[in-house]
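Participant: Mind looking at a prediction? Sequence and model below.
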Protein chains: 2
Amino acid sequence: MSASLETWEQLAQLIAGGDPGRVEAFLDGLSGEERARAVSRLDEPSQSALLKVLGPAASAELVAQFSDAQAVELLEDLAPPDAAAIVDELPSNEQADLLSAMTRDEAASILAQMSPDEAKDARHLLKFDADVAGGLMITEFLAFPVSATVEDVLRDLRENAAEYSDYEIQYAYITAERGRLVGVLRLRDLVLAQAASSIESIMIARPLHLTTQTPLIELKAFFAEHAYFGVPITTDEGALVGVVRRVAVEEAIGQRETEAFLSVSGLSGEDELRTMPLRLRAGRRLSWLSINILLNLLSASVIAVYQDTLSAVIALAVFLPIISDMSGCSGNQAVAVSIRELSLGLVRPGEFLRVVWKESAVGLLNGLVLGLLLGGAAALWKQNLFLGLVVGSALALNTLLAVVLGGVIPLMLKGLKQDPALASGPLLTTVTDMVGFLLVLSLASATLSRLV
Amino acid sequence: MSASLETWEQLAQLIAGGDPGRVEAFLDGLSGEERARAVSRLDEPSQSALLKVLGPAASAELVAQFSDAQAVELLEDLAPPDAAAIVDELPSNEQADLLSAMTRDEAASILAQMSPDEAKDARHLLKFDADVAGGLMITEFLAFPVSATVEDVLRDLRENAAEYSDYEIQYAYITAERGRLVGVLRLRDLVLAQAASSIESIMIARPLHLTTQTPLIELKAFFAEHAYFGVPITTDEGALVGVVRRVAVEEAIGQRETEAFLSVSGLSGEDELRTMPLRLRAGRRLSWLSINILLNLLSASVIAVYQDTLSAVIALAVFLPIISDMSGCSGNQAVAVSIRELSLGLVRPGEFLRVVWKESAVGLLNGLVLGLLLGGAAALWKQNLFLGLVVGSALALNTLLAVVLGGVIPLMLKGLKQDPALASGPLLTTVTDMVGFLLVLSLASATLSRLV
C-alpha cells in the first residue's frame, strides 16, 4: 500500500478489498481521532460498505466511538435492516440517543427491523426526554433477589460470565417483591464476605435512588456529592427500571456545554460537521442570519432618522460601527459569565437585582475607560473637544447599558425556558445598537453648533 | 430559624453559632447547587469561619465539590496552615489542580505547611502540565508484587480496608523489580478466582499503559476506545507512578470546552465568578476590550478615507454597521464549526484547502441570499437600483470572505499553538470590517454618478 495515500484512501482501498480482518486490523492501528477522521472522509457508498464488511458487532463498537451526529450520518445511509442489526448491538441508552437524533420516519423503520426485545427497550427509553434520568439510563444491570446468598450470586456471576462481560458490574442491585429496590451490593463487599453469608447482611439497605423523571441538573448534583459510578433509577412506586452511570451524566453535560458554545453563533440543534450536505449546513446557518439581518435593519433605521446630523458631521459615521461593535463585545462578556453561572447553579433565573448590582459596577468602570479612549481618539483626530465628548460619553453610557443587559438577558431567557446561548447575543446587540446610535446622534444633534 | 431568610443567611447564622454538627447537617440537607451558591454568597470572614468550624476533613469534602475557581477563592482567604490542613486531605490530582491555579507565592506558602509526604507528592505532580497524564494522575492506587497469591491480596485488602476506603479499587496494579508495571488485576477476576491461585495467573499481563507526558487529547482517544475506569501511568522506563482515571479526563475536557466558550468573549484563563473582586473582574475583561478598540479604530479608518463619498451618499452610513455585523456573524459561525471540528479531531491544523473548499460553498450561497436581502432593502428604500447593487454585492462578497476566513483562522492559530477561541473573533472581524467598508465605499465611489 503506497505510503503517499491519505489514511482514508488506504481505508477505502481495504474496504473495496472486502476482507473484514484486514479492515479491522487497519482501524485498530489508528488512534481514535484518526479513525473518526478517516471514516468521516469516506464517501457514502464506502461508509456503507465499511459497516457491511465489519458486520454488526464490530460496526456497533465503531459507531459508539463517534459523536451522535457522526453516528447518525453513518446509520442513515444504510438499509434499515442493516442499520437495525448494528443498533441491536449498542447499549440501551445509546440506542435511544441515536434513534431520537434521527427523523421520526428513519427511527421507525429501524425500530421495525430490530430484535423485538431490544426494540421494546428502546421504545420505552425513547418515551423519556434526553435530559431526565429515564433518557440517560441503561437497562442492562445485575439484579438479585434479597433472599440470595453470597454463594448464589458468585455462582450466577461465574455461570453467566460471558453475558455479563459487557456489563459494568461495579454494583449489583437487590430487589424484593414486584422489583422493588431494597439494596445495593458493592463488588468489593462481595469479595470480602463469607460464601454462606446472606446478601441481605452485606448489602447496603435503603440505597439512594432517583426516579425516571429526575432532571440532568439534579443527576449532576448527585454525582458531585456522591463518589458513585452509577445510581439506580426506579419508578415512582420504587421498582428498579435502570441505572444511570456517572459517565452518561458527564457526557450529557459535555454535550450541553458544546451546544451552548455552538448556539452562541446561531448553530442550533445538532453538531454541524463539514461532511454534511451543503444545503443542510447553509440552511441551518442562514435561518439565524436572516433573523439577524432584520434586527440589524431595525437598529440601523435609527441612523436613517438622523441623516441630516450625520451629513453635517460626517466624522460621526466613522464611530458608529465602533460603538456598535464595542458595546456588543462588552455585553457578550457579561452574557458569557451569566450563562456560566447559570450552568454552575451559582445564580438563579430570578436574581435580577444581584446581577444588575454586580454588573453595573463593571459596566461603569469599563465604560469610563473605553469612553475616555475612544473620546480621546475622536477629539485628537478632529481637534474638537466636543466631538470627543459626544463619542466618549455615548460609548461610556452604552457600555454600562450593554454590560447590565448582557448580565440580565440570559437570566430572563432562562426564566422563560428559552435557550440563553442562542438568543442572548442578537437580542443584546439589537438593543445596544439602537441605543448606541441614538446616543451618539442625539447628543451630536444637541451640540451641532459646536461640532461643525 | 426564620424561613424568610435566604439559605446563605441561615448558613451564616449557624456558622456564627459555631456548632460543627449543626453546620454539617444543614449543608448535607442542601442540594449540590444550593450548597455552592450559599457558600459563594457568604462574605470572606464567614467563609473562613465555615472552614474552621467544619475542620480539615469535612472542609476538603466541601471544597472538592466546587469548581477550581471557587475552591481557590475559599482557600486563599485562610491562613496558610489552615489551608494546608485542608489541601492535605484532597486527592493528589486535586491538590495539584488547586495549587497550580493559585499565585506562585500562595502555593509555596501552603506547600510549606502541608504534611511532608503529601507536599512531596504534590510538588512532584505540579511539575507536569495540567493537560498531560502526569498532571491528571492520582498517586493513590493499589499495587501488589507479581509473586503474591489471591489470598495475599484478599488479606491485604481486608486488613487495610480503612485506608483503602477512599481508593477506587476497580483495579490493582502488579509490579516487578524497581516498580516496573507487569500486570493489571481486575477486582471481578479476583472475585472469580481460587484463593491459592497466583496473581500472575489471573492478572492481565503486559497491560496497556501510558506515560506521564501523554497529552490530554490522546488520553481522551484512549478512553473513547477502551471502556476502562483508569489507565496506569509509567515513567519512560516503565515504572508505575500513577493512575489517570476516566473521570479526570472527562473533567479536564469539560473544563477545556468551558474555557473555549468563555474565551470567545475575551474572558481568558480562569472562570470569572461574580463573587470575585471588582478590580479583577473589570481588569480581565478590559484587557481584551482595549485590544479590540484599537482594532476597531484600525478598520474604521477605512471609512475616514472615504468621507467624501459618504457625504455625497449619506444613506451608505446606514449600511456600514449592518455589513460589519452580518459579516462578523457569518464568519463566527464558521469559526465555531472549525473550533468544534478541531476539538473532535475531525480536521487537522494543516488542512486549509479542505476547509476553504467546504466553506466557500456555504459562503457563496449564504452571501447571495443575504446580499439579495440587504441589497433589495436598500434599493427599495431609496428607489435606487444602483444603491442596492453596491450594498448587496459588497455584503455578498464580504460574506464569502468572512466565512472562508472564519473557517481557516482557527486552524492557523492552532497551527501556531495559539488559543483559537480567544483570538479568532477579533482577528476575523478586523479583517472583514476593513474589507467590508472598503467594498461598499469603493464600489460607491466608482458608481457615484448613479447614486446621487
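Facilitator: Done, it's in.

Participant: So what's the residue count around residue A:380?
Facilitator: Neighbour count for residue A:380, taken as other CB atoms under 10 Å in any protein chain shown: 12. Just so you know, the C-beta spots here come from the backbone N, C-alpha and C atoms, and that holds for glycine as well.

Participant: same deal with residue A:449?
Facilitator: When neighbours are defined as other CB under 10 Å, residue A:449 has 8 of them.

Participant: What pLDDT is listed against it?
Facilitator: Reported pLDDT at residue A:449 in the predicted model: 91.

Participant: quick one: contacts for residue A:92?
Facilitator: Contacts for residue A:92 (CB atoms under 8 Å, 6 or more residues apart in numbering or on different chains) come out as A:118, A:121-122, A:125, A:137-140, A:242.

Participant: which parts of stretch A:138-153 are buried?
Facilitator: Of all the residues in stretch A:138-153, those buried under the rule 16 or more other CB atoms under 10 Å in any protein chain shown are A:138-142, A:144, A:146, A:148-150, A:153.

Participant: should've said stretch A:179-192
Facilitator: Neighbour counts over stretch A:179-192 (16+ other CB under 10 Å) mark A:181-191 as buried.

Participant: Near chain B, list only the ones from these.
Facilitator: A:187-188, A:190-191 (CB under 8 Å from any CB of the partner chain).

Participant: if we can go back for a sec, could you dump the buried residues of stretch A:179-192 into JSON lines and include secondary structure and pLDDT?
Facilitator: Shown next, in JSON lines, are those (DSSP: H, G, I helix; E, B strand; the rest coil; pLDDT from 0 to 100):
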{"residue": "A:181", "secondary structure": "strand", "pLDDT": "95"}
{"residue": "A:182", "secondary structure": "strand", "pLDDT": "95"}
{"residue": "A:183", "secondary structure": "strand", "pLDDT": "94"}
{"residue": "A:184", "secondary structure": "strand", "pLDDT": "93"}
{"residue": "A:185", "secondary structure": "strand", "pLDDT": "90"}
{"residue": "A:186", "secondary structure": "strand", "pLDDT": "85"}
{"residue": "A:187", "secondary structure": "helix", "pLDDT": "79"}
{"residue": "A:188", "secondary structure": "helix", "pLDDT": "75"}
{"residue": "A:189", "secondary structure": "helix", "pLDDT": "80"}
{"residue": "A:190", "secondary structure": "helix", "pLDDT": "80"}
{"residue": "A:191", "secondary structure": "helix", "pLDDT": "74"}
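
Participant: Chain A: strands as residue ranges?
Facilitator: A:143-145, A:171-175, A:181-186, A:204-205, A:210-211, A:230-234, A:240-245 (DSSP state E).

Participant: right, and those - which one's nearest residue A:77?
Facilitator: Closest approach to residue A:77 among the strands of chain A is made by strand A:240-245 (29.9 Å; CB to CB).

Participant: May I have that closest one exported as PDB, CA atoms only?
Facilitator: This file holds the C-alpha atoms of strand A:240-245, laid out as PDB (Å, rounded to 0.1, in the frame of the first residue of the first chain):
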ATOM      1  CA  LEU A 240     -36.000  -0.800  39.700                       C
ATOM      2  CA  VAL A 241     -36.000   0.000  36.000                       C
ATOM      3  CA  GLY A 242     -32.500   1.200  35.100                       C
ATOM      4  CA  VAL A 243     -29.200   2.600  36.100                       C
ATOM      5  CA  VAL A 244     -27.700   6.000  35.200                       C
ATOM      6  CA  ARG A 245     -24.000   5.800  35.100                       C
END
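
Participant: Quick check: residue A:90 touching residue A:98?
Facilitator: Yes. Counting by CB atoms under 8 Å, residue A:98 is a contact partner of residue A:90 at 7.3 Å.

Participant: Need the residues touching each of the two.
Facilitator: Residues touching both residue A:90 and residue A:98 (CB under 8 Å, 6+ apart): residue A:63.

Participant: Chain neighbours aside, what residue packs nearest to the residue of the stretch 151-300 of chain A found nearest chain B?
Facilitator: Residue nearest to chain B within the stretch 151-300 of chain A: residue A:221 (3.3 Å; CB to the nearest CB). In space, residue A:221 comes closest to residue B:32 once its chain neighbours are excluded; the distance is 3.3 Å by CB to CB, 6 or more residues apart in numbering or on different chains.
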